[in-house]
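# my questions concern the predicted model and sequence given below.
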Amino acid sequence: TRRGDTVLRQGQVLTPARLAHLAACGVAEVEVNAPLRAIVLSTGSEVTAPAVGTELALGAIFDANGPGLAAALTAAGAEVVHVGTVPDDADALVEGLRARIAAHDADLIVTSGGVSAGAFEVVRHAAAHEDVTLTFPRVAMQPGGPQGIGTFDLEDRRVPWLAFPGNPVSALLSCELIARPALGAAERPRLRLPVQLEADEPSPPGLAQFRRARLLPSGTVRLVGGASSHLIGGLAAADALVIVPVGTDILRDGDVMETILLPGGER
């Protein structure tokens with residue numbers, strides 16, 4: 001390193017090597033961007049937070065989305081200040097958010113569920129509140145088609161609100177493809193790789209489909225689990241997402257597809 005060299009640029013992540021380089025140059029302090037403070041809420045009266053000794057009531061399910069989204073947002077650079085569940089009550093959702101935003105000085109709201117076409121979609125109902133501005137576009141991807149985006153409007157500011165679908169693979173995939181880039185996280189590596197299949201796999205031609213997969217030592221990828229958005233076990237075992245593009249109705253053995261590499265999987 002010579003006098004006049006650029007040691008660090010604005011917006012770069014402080015990796016261990018960059019911190020060591022700064023220290024080697026005698027730089028003791030740098031200005032950093034504070035992480036966004038995020039609230040994560042899972043909606044649905046049937047949703048129960050997992051806890052030691054908890055037994056599910058009839059018709060209840062454990063909350064997979066809260067812990068999963070909190071971990072994904074943290075990995076993307078946010079500071080998750082609250083994780084919780086809310087029942088199917090739009091007023092309770094709005095007032096609960098108001099209190100939590102004030103208590104935690106939150107910068108971002110991320111909810112899961114309540115955005116699709118069921119009998120009662122709590123986030124859609126909350127959008128009728130005067131302090132909520134939300135729109136519900138349908139994105140041409142699977143899983144994760146139904147989405148919500150907008151703001152919670154306070155007297156002094158507007159807090160961004162990302163409303164993801166409720167099935168756990170849809171929620172995590174939405175976080176990966178929508179929230180992660182918005183938070184400025186590093187782009188995932190992408191490779192074009194041949195897919196190893198035992199039989200043809202159908203894909204909806206009007207949607208970009210993201211299939212859970214494992215990267216093999218041979219340099220190919222093998223699908224794990226099915227395509228359905230509730231099959232979280234397949235995503236837990238995956239270390240890649242195979243992108244089946246719009247216009248493709250059949251995925252065949254040996255097809256070379258763009259593939260997003262993910263951390264984790266079975267390793």
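Arrived safely.
# what is the burial count for residue 117?
Residues lying near residue 117 (other C-beta atoms under 10 Å) number 9. All C-beta spots, glycine's among them, are computed from the backbone N, C-alpha and C.
# where in the stretch 101-250 of the chain is pLDDT low?
The stretch 101-250 of the chain contains no residues with pLDDT under 70.
# all helices of it, in order?
For the stretch 101-250 of the chain, applying DSSP state H, counting those that start in this stretch gives helices covering 122-126, 168-174, 180-182, 232-237.
# residue nearest the middle of this protein, spatially speaking?
Centroid check for the chain by C-alpha atoms, centre = their mean gives residue 175 as the closest residue, at 1.5 Å.
# that one and residue 2, how far apart?
According to C-beta to C-beta, to the nearest Å, residue 175 stands 42 Å off from residue 2.
# try residue 109
For residue 109, the distance to residue 2 - C-beta to C-beta - is 47 Å.
# looking at the two, which has the bigger crowd around it?
Per other C-beta under 10 Å, whichever of residue 109 and residue 2 has more neighbours is residue 109, with 21 against 4.
# hang on, the earlier thing: mind putting the helices of the stretch 101-250 of the chain in a markdown table, distance to residue 49 and mean neighbour count included?
As requested, the helices of the stretch 101-250 of the chain are exported to a markdown table (distance: least, C-beta to C-beta, whole Å; neighbours: other C-beta atoms under 10 Å):
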| stretch | distance to residue 49 | mean neighbour count |
| --- | --- | --- |
| helix 122-126 | 17 | 23 |
| helix 168-174 | 14 | 26 |
| helix 180-182 | 24 | 16 |
| helix 232-237 | 16 | 17 |
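# now tabulate those in CSV and tack on distance to residue 145.
Output for these, formatted as CSV (distance: least, C-beta to C-beta, whole Å):
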stretch, distance to residue 145
helix 122-126, 15
helix 168-174, 8
helix 180-182, 18
helix 232-237, 17
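# quick one: closest of those helices to residue 87.
The closest of the helices of the stretch 101-250 of the chain to residue 87 is helix 122-126. By C-beta to C-beta, the value is 7.8 Å.
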